[in-house]
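>>> predicted coordinates and the sequence they were generated for:
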Number of protein chains: 2
Amino acid sequence: MSIPKETKQYLLAEKPTGSVNLTSAFKLVTTPLPELKDNQVLIRTKYLSNDPAQRGWISPQRAPDRLYVPPVEVGEVMRARNICTVVKSTSANFKEGQTVVATSGWTEYAVVDAKECTPLQTVGSLKETHFLGALGATGLTAMYGLDVVETSAKDQVLVVSGAAGATGSMVVQIAKKLLGVKTVIGMAGTDEKCAWVRSLGADICLNYKAKDFKKQLRDATPGPHYVDVYFDNVGGAILDLMLSRMGKHGRVACCGAVSNYDAGDKAEPIRAWGEVISQRIQLKGFIIFDALPRFGEYTQKLIKGYKDGKLSISDENETIVKAKFEDIPKTWLTLFEGANTGKLVTEI
Amino acid sequence: MSIPKETKQYLLAEKPTGSVNLTSAFKLVTTPLPELKDNQVLIRTKYLSNDPAQRGWISPQRAPDRLYVPPVEVGEVMRARNICTVVKSTSANFKEGQTVVATSGWTEYAVVDAKECTPLQTVGSLKETHFLGALGATGLTAMYGLDVVETSAKDQVLVVSGAAGATGSMVVQIAKKLLGVKTVIGMAGTDEKCAWVRSLGADICLNYKAKDFKKQLRDATPGPHYVDVYFDNVGGAILDLMLSRMGKHGRVACCGAVSNYDAGDKAEPIRAWGEVISQRIQLKGFIIFDALPRFGEYTQKLIKGYKDGKLSISDENETIVKAKFEDIPKTWLTLFEGANTGKLVTEI
């Protein structure tokens, strides 16, 4: 493998408010690569993880100390988690040709400290890209969020929004197949996605764009029991609606608010707050990084669930888009249009 | 005491949406009183408790099974908790002239089963009306809500809205004097109320109607620590604002949403939901009835706090309005205009 002297990179060019303008938000540059110091590796990006959370990292911050990770600043390489190949190594822990996971961003090549790389696990014939999704951060997010609201076989009804997304599709499977929740109800944006969510084990999946969606949701979550657990990936109008479907002492795992990442002051409002009081609802925000000490345990549970045939992890769990380096931002942006089923991965 | 044969009562005449129209919402009637059966008492209303929750009991219900208590139906006596005098008794447990607490509603006299009455406690020279407020349901609500979010001396900063109200004024005192929270910050609607809240032990009290209120709140709750516990009596815009002042893993006790009881679809929206996720905020709705098994324990703690000189319970903790029976609805409605400091009690 020839050793490159420079690399293409996408830098953040502005902190977008509202919709991201691709022509002004990111800037493609070519940058010299430094020489390797001791215990460093030169890596080449193979696959990039596309995550809704990245939108938050580039928003203007009213108070930077309130972000759960430092924001990406203008002029910095856009942050992303990647699967990479080691091209050159001065570390005893990594050798040329090895596959690693690193948060190296939208870059073709990078020189990073060896300690910032994790060797990629392999499980049977499972494709390595699943370690960005079902068996990576999104699978761990599903495990942790269900734990945060103490989901168990005692729960009769669980609802999850964004059920055809990377996290939601794992929530459906873990809740139904590993935790034993009686009835799992998904929500997704097309009938095709709903069919896939049902194939994963959901008892019901509702198309939230259907004309009579509200009625369908009411019929699917009847009183007096209503809903025990709502795993919220979207916030906004759907969360507002779900508050009036939660049962007494219902729990909401607040994982994401993808409906609002672009919205600023136009964020879809939550108005049904009286329900939180009258039904004694608990809502808990969480961030996967807090679960770091449990990553090993969670990963083993996910791998065991897969080996036992309980968790379906296949090509259907990810949407891999082969793209030229130049098209990385465009591919990422399709996340917010619901283009993907399962994890959206960019292959370079 | 002469035995009346009939009583004045206020019945619910319509289920109001939006602002309550006094001329159409309630109907004054005179009703015959039944003869006493065994184990009943005839009681005369002395004091009526006025509570924001009563507004919810008379709203039209989309789903009646979602109210935490049965709604008041049109044609029924308007529900209220009262301090009453026993006029006649066929129960061995109550004698004429005794003072009791009963949920007998907006009625001059009532015949009720003895088991629906509770003898009024007496503590030194403390006025009996405090058993509707500081030592009654509102004091218990403050105790329970602080428990629900596990408030303790480990907490550095607690904020409470409606701090000059019946519940809020007890939250301030209990948090500061009994639980040992380091900094207690109240919010109230006039400078006079704020001065009183500070006299109860609050380190700071902000007038939320002040022009620079948002700046004052920011200055009072600086990062990186921000706020540990927010006791929310109001919901709406203030809750929305507080989400951006909560610290990491902050907890919100969701007690009331007085800003929205009248509002229907115009309820003040909550938009800053992303904060719940990025700060891992927990929000917990609660209803005092769930704490029934702890009422005895809580009441003893409140009485001990009073006797130890830690809790201030005096004429300043209540606004007693002497009113003709006919003016009960009008007096009640002043609750929503912030007319009261502490508990609003109507004396007949």
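Structure's in. What do you need? Numbering: from 1, shown residues only, chains lettered A, B, ... in the order given.
>>> anything in the helix or strand where A:Gly56 lies near chain B?
In the assignment (DSSP states H and E), A:Gly56 maps to helix A:53-57. Yes - using CB under 8 Å from any CB of the partner chain, helix A:53-57 reaches chain B at A:Gly56. C-beta here means a position set from N, CA and C on the backbone, and glycine is covered the same way.
>>> list the contacts of A:Cys117.
A:Val41, A:Ile43, A:Cys84, A:Val86, A:Phe94, A:Val100, A:Val101, A:Ala102 (CB atoms under 8 Å, 6 or more residues apart in numbering or on different chains).
>>> measure the closest residue to A:Leu311 other than its chain neighbours to chain B for me?
Nearest non-adjacent residue to A:Leu311, counting by CB to CB, 6 or more residues apart in numbering or on different chains: A:Gly305, 4.0 Å away. As judged by CB to the nearest CB, to the nearest Å, A:Gly305 and chain B stand 26 Å apart.
>>> mind checking pLDDT for A:Gly305?
For A:Gly305, the pLDDT comes out at 96.
>>> give me the number of residues near it?
A:Gly305 is flanked by 22 other residues according to other CB atoms under 10 Å in any protein chain shown.
>>> correct me if wrong: it contacts A:Lys177.
Yes - here A:Gly305 reaches A:Lys177: they are 6.7 Å apart, a contact under CB atoms under 8 Å.
>>> anything in contact with each of these two?
With CB under 8 Å, 6+ apart, A:Gly305 and A:Lys177 have common neighbours A:Leu311.
>>> so who does the residue of the stretch 201-348 of chain A at minimum distance from chain B touch?
Residue nearest to chain B within the stretch 201-348 of chain A: A:Pro269 (2.8 Å; CB to the nearest CB). Applying CB under 8 Å, 6+ apart to A:Pro269 gives the contacts A:Gly236, A:Asp240, B:Pro269, B:Ile270, B:Arg271.
>>> just the buried members of these?
The neighbour-count test (16 or more other CB atoms under 10 Å in any protein chain shown) marks A:Gly236, A:Asp240, B:Pro269, B:Ile270, B:Arg271 as buried among the contacts of A:Pro269.
>>> which residues of the stretch 101-250 of chain A lie near chain B?
Close to chain B, as judged by CB under 8 Å from any CB, the stretch 101-250 of chain A has residues A:Gly223, A:Pro224, A:Gly235, A:Gly236, A:Leu239, A:Ser244.
>>> if we go to 6 Å?
Counting by CB under 6 Å from any CB of the partner chain, the stretch 101-250 of chain A comes close to chain B at A:Gly223, A:Pro224, A:Gly235.
>>> list buried residues within the residues you listed.
Buried, going by 16+ other CB under 10 Å: A:Gly235, out of these.
>>> tabulate the residues of the stretch 101-250 of chain A next to chain B (JSON lines), appending pLDDT.
Listed next are these as JSON lines, based on pLDDT from 0 to 100:
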{"residue": "A:Gly223", "pLDDT": "92"}
{"residue": "A:Pro224", "pLDDT": "91"}
{"residue": "A:Gly235", "pLDDT": "92"}
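>>> who are the contact partners of A:Thr141?
Applying CB atoms under 6 Å, 6 or more residues apart in numbering or on different chains to A:Thr141 gives the contacts A:Thr167, A:Ile288.
>>> before we move on, which element is it in?
Following DSSP H and E, the helix or strand that holds A:Thr141 is helix A:137-148.
>>> can you list the strands that the next helix or strand after that helix pairs with?
Remark: after helix A:137-148, the chain's next helix or strand is strand A:157-160, criterion DSSP H and E. The strands beside strand A:157-160 in its sheet (DSSP bridges) come out as strand A:183-188 (parallel), strand A:227-232 (parallel).
>>> how about the helices in the stretch 201-348 of chain A?
For the stretch 201-348 of chain A, the helices defined by DSSP state H, counting those that start in this stretch cover A:213-220, A:236-243, A:274-278, A:295-307, A:328-333.
>>> pull out the buried positions in the fourth one.
In terms of neighbour count (16+ other CB under 10 Å), helix A:295-307 has its buried residues at A:Tyr298, A:Thr299, A:Lys301, A:Leu302, A:Ile303, A:Gly305, A:Tyr306.
>>> likewise for stretch A:228-237?
So for stretch A:228-237, counting by 16+ other CB under 10 Å, buried means A:Asp228, A:Val229, A:Tyr230, A:Phe231, A:Asp232, A:Asn233, A:Val234, A:Gly235, A:Gly236.
>>> first-to-last residue distance for stretch A:168-181?
Using CA to CA, to the nearest Å, the end-to-end distance of stretch A:168-181 comes to 15 Å.
>>> next one: stretch A:155-173
15 Å.
>>> next, the buried residues of that stretch.
Buried residues in stretch A:155-173 (16+ other CB under 10 Å): A:155, A:157-173.
>>> report the rounded mean pLDDT for it.
96.
>>> ok, how many other residues are close to the residue lying closest to A:Gln61 once chain neighbours are set aside?
Leaving aside its sequence neighbours, A:Gln61 sits nearest to A:Pro71 (CB to CB, 6+ apart; 5.3 Å). Neighbour count of A:Pro71, defined by other CB under 10 Å: 17.
>>> A:Gly247 now?
When neighbours are counted by other CB under 10 Å, A:Gly247 registers 20.
>>> ok, for A:Cys84, nearest residue in space, not its chain neighbours?
Distances taken as CB to CB, 6+ apart place A:Ile43 nearest to A:Cys84, at 3.8 Å, with adjacent residues excluded.
>>> quick one: residues contacting the one you found.
A:Cys84, A:Val86, A:Ala110.
>>> tell me the one among these nearest to chain B.
Closest approach to chain B among these (CB to the nearest CB): A:Ala110, at 26.9 Å.
>>> A:Thr7 in helix, strand or coil?
Assigned by DSSP: H, G, I helix; E, B strand; the rest coil, the conformation of A:Thr7 is strand.
>>> surely it touches A:Trp106?
No - A:Thr7 is not in contact with A:Trp106 according to CB atoms under 6 Å; the separation is 10.6 Å.
>>> out of these two, which sits in the busier spot?
Between A:Thr7 and A:Trp106, counted using other CB under 10 Å, A:Trp106 has the larger neighbour count: 25 against 20.
>>> for that one, phi and psi?
With angles defined as degrees, to the nearest 10, A:Trp106 sits at phi -80, psi 80.
>>> mind checking how far it is from A:Trp273?
Counting by CB to CB, to the nearest Å, the separation of A:Trp106 from A:Trp273 is 39 Å.
>>> how about A:Arg245?
Using CB to CB, we find A:Arg245 at a distance of 15 Å from A:Trp273.
>>> out of the helices of the stretch 201-348 of chain A, which is closest to B:Ala134?
Among the helices of the stretch 201-348 of chain A, helix A:274-278 comes nearest to B:Ala134, with 21.7 Å by CB to CB.
>>> what is the burial count for the residue lying closest to A:Arg251 once chain neighbours are set aside?
Nearest residue to A:Arg251, sequence neighbours excluded (CB to CB, 6+ apart): A:Val149, at 3.9 Å. Counted by other CB under 10 Å, the residues lying close to A:Val149 total 22.
>>> what residues are up against A:Val149?
Taking CB under 6 Å, 6+ apart, we find A:Val149 in contact with A:Val229, A:Arg251, A:Ala253, A:Lys284.
>>> and the residues you listed, which of them are buried?
A:Val229, A:Arg251, A:Ala253, A:Lys284.
>>> related to what we said a few turns ago, now the contacts of A:Val149 as TSV including pLDDT?
Converted to TSV, those look like this (pLDDT from 0 to 100):
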residue	pLDDT
A:Val229	98
A:Arg251	98
A:Ala253	98
A:Lys284	98
